[in-house]
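Q: Quick one, what's the 3D model for this:
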Amino acid sequence: MSAVPPPPRKTAMPPESPEEIARRVREIKDGQERYRKEQQEIADRGGLPKVVDAAEFAAAEMPQPPQVIHGVLHRGCKLALGGGSKTFKTWTLLDLALSVSHGEPWLGFSTARTKVCLINLELPEWSLHSRLRAVAHAKGITIEPGWLRVWNLRGHATGYLDFLPRIGAELKGQHLGLLIVDPIYRLYGDADENSAKDIALLLNQFELLAQQTGSANAFAAHFAKGNAAGKESIDRISGSGVFARDPDAILTFTRHETEGAFTVDATLRNCKAVEPFVVRWEHPMMRRDDQLDPVRLKQAKGGRAATFTLRMIMDCLGKRKLTTNEWQRQCAEQDGITRPTFFRLFAQAKKAGLIAKDKKEKWSVSKVSNAASETSDTSKSHIPYRDETTETGKKSKA
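A: Numbers count the residues shown, from 1 in each chain. Below is the predicted model:
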């Protein structure tokens, strides 16, 4: 057996010359001076980032942060999950925590596996323990160490100005991808949920929390009392309208006409539009059901007149060929139709066969719809389309 040759001897580095040492010392001192000036500039601006030239800004490489929920939420952004009383919001956020921490789908959306912390401000520990095990079992997840942390703080929550900075200090440097706080109203303290100033300050603290932890933040918010079907989806959350403007992603769960089902509307700032869809409650979690029509919301007795109609989005399309986003923007600019409302009516138009899509992903009025319109009144007066609700609350028999 041949002998193993010895490893090559390391050649000693030649000593640096006095000139080289002096150069390195100058570089270190210059770097320290640049850092001192940069920190002084930040202090002079009150901690604000500096103003940059647009050409320099546009030319720089700036990759997007990772998406925690694909097509919905990036790291560093906020998600609000809104629903009425007893609409399983806590269960759904617990499902989210398990799904993201183990890379499993959530409500039909794929997730990127990352570390998660769930801050429980409402449930007794034994209740959260029971729910956690039930959801994990239903999803077929064996909870692995190191991915999901649970912080039971029921009875310890104070006002957000005191509480959230302490949370950030505790979780800083733990490489979280998602932080869930449930429910948000436990942090109000002396804040008034109807005050734009108070809620803006609260959500600004969540913004600072995202910067401290590097994570996405998610929280649950309650709907106002009463039937929510007659409101736009982003206006259903109770309290200040800041709740509808500040979060980067809002998912609202509104009762469907089918018992135990909910229409989910997504309002997204940084991702492509998501059409409304329906989920069913099947204890202990929500499951997506694409067989149900998201337009069919549960109505209060007596019904409610539709604010926007299918005729309006068809008139916006007219004889043009538009992509979905182009059509949605046209409806918003022409008639003030919000994105969730547009997609509800858009889904109704597809189901009724009123529109057709070409190879370039552009929509136009279908030949069947055109043929029908040639024999009908073409004035601007409202003509209901099939199952569309009329102003009297009755369904058209057209």
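Q: Next, find the distance separating F342 from K89.
A: Distance from F342 to K89, counting by CB to CB, to the nearest Å: 26 Å. Yep, even glycine has a C-beta here, placed from its N, CA and C like the rest.
Q: ok, the two, which is more surrounded?
A: Of the pair F342 and K89, F342 is the one with more neighbours under other CB atoms under 10 Å, namely 24 against 21.
Q: helix, strand or coil for the more buried one?
A: Using DSSP: H, G, I helix; E, B strand; the rest coil, the structure places F342 in helix.
Q: That one: what's it in contact with?
A: F342 makes contact with I313, W327, Q328, C331, A332, according to CB atoms under 8 Å, 6 or more residues apart in numbering.
Q: Roughly how far does the nearest residue to the fourth one once chain neighbours are set aside sit from L171?
A: If I follow you right, that is C331. Residue nearest to C331 in three dimensions, not counting chain neighbours: I337, with 4.2 Å by CB to CB, 6 or more residues apart in numbering. Per CB to CB, I337 is found 41 Å from L171.
Q: Over to F262?
A: 31 Å.
Q: Those two: who's more crowded?
A: Taking neighbours as other CB under 10 Å, F262 and L171 compare with F262 leading, 27 against 20.
Q: Touching, the more buried one and G82? I think so.
A: No. Counting by CB atoms under 8 Å, F262 does not reach G82; the two are 11.0 Å apart.
Q: Between these two, which contacts overlap?
A: Common neighbours of F262 and G82 (CB under 8 Å, 6+ apart) are F253.
Q: how is the protein carved up into domains?
A: Following automatic domain parsing, the chain resolves into domains at 67-288, 305-398.
Q: Out of those, which gets the lowest mean score?
A: Lowest mean pLDDT within the domains of the chain: domain 305-398, a mean of 71.
Q: any chance you could map the helices in the stretch 1-150 of the chain?
A: With DSSP state H, counting those that start in this stretch as the criterion, the stretch 1-150 of the chain has helices at 18-44, 54-59, 89-102, 125-139.
Q: ranking those helices by burial, who's on top?
A: The highest average neighbour count among the helices of the stretch 1-150 of the chain, using mean count of other CB atoms under 10 Å, belongs to helix 89-102 at a mean of 23.
Q: That one versus helix 125-139: what angle between them?
A: Interaxial angle, helix 89-102 versus helix 125-139 (axes from the mean of the first three to the mean of the last three CA atoms, to 10 degrees): 60 degrees.
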